[in-house]
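*Asks:* next come a sequence and a model predicted from it.
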Amino acid sequence: MSSWRHLSYAAMLAFVLLGTLPLHHYYRLRVFRQPLRLLAAIVPVAALFVAWDLMATSAGHWRFDPAQTIAGRLWGLPLEEYAFFVVVPLAGILTFEAVQAVGSQRRHVPPTAPPAPPAPPQGPTPTTQDGSPKAGPR
């Protein structure tokens, strides 16, 4: 198992995608049909957090365990860290859009009718000799 430990971070990102990418198909979302809008939502935030990450790691505030990341690094950050800033916002956008779709579907479903009152018993109504309805027990 220790030979796979370097894939821990990548596996976590894969599980996030595995849990959220099906939402796009299941709810017929249009997130990927608007790539410029998606990039506009992800890139500025990712750039800000990558810059923050670079400063924090260079200052020694935190570090990334090389035993749990793949060997590739860019400016000292593991490649998974860059992927994190794309995968997590994408998962958030897909989840938000799916919740919106569910809410929209619920608003278009007509409310169910309340149950009908029980029907009166069938059969002849007891009558008196003159034909008027007989009074029931009181």
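*Replies:* Cool, the structure landed. Numbers count the residues shown, from 1 in each chain.

*Asks:* per-residue confidence at the residue positioned nearest the centre of the chain?
*Replies:* Within the chain, the residue whose C-alpha comes closest to the C-alpha centroid is Thr95; the distance, by Cα atoms, centre = their mean, is 3.2 Å. Thr95 is assigned 97 on the pLDDT scale.

*Asks:* how far away is Pro12 from Arg63?
*Replies:* For residue 12 the amino acid is Met, not Pro. Computed as Cβ to Cβ, to the nearest Å, the Met12 to Arg63 distance reads 17 Å. Just so you know, the C-beta spots here come from the backbone N, C-alpha and C atoms, and that holds for glycine as well.

*Asks:* next: Thr69.
*Replies:* Using Cβ to Cβ, Thr69 is found at 10 Å from Arg63.

*Asks:* next one: Leu18
*Replies:* Taken as Cβ to Cβ, the spacing of Leu18 relative to Arg63 amounts to 27 Å.

*Asks:* again, but for Ile70
*Replies:* Ile70 sits 16 Å away from Arg63, taking Cβ to Cβ as the criterion.

*Asks:* quick one: which of the two has more around it?
*Replies:* Each of Ile70 and Arg63 has its neighbours counted (other Cβ atoms under 10 Å); Ile70 has more, 14 against 9.

*Asks:* all helices of the protein, in order?
*Replies:* With DSSP state H as the definition, the chain shows helices at residue ranges 8-26, 35-58, 79-108.

*Asks:* residues of the last one that come out buried?
*Replies:* Taking 16 or more other Cβ atoms under 10 Å as the neighbour-count basis, helix 79-108 is seen to contain the buried residues 80-91, 93-94, 97-98, 101.

*Asks:* helices or strands next to it in the packing?
*Replies:* Packed against helix 79-108 by the contact rule (3 or more Cβ pairs under 8 Å, 6 or more residues apart in numbering; DSSP states H and E) you find helix 8-26, helix 35-58.
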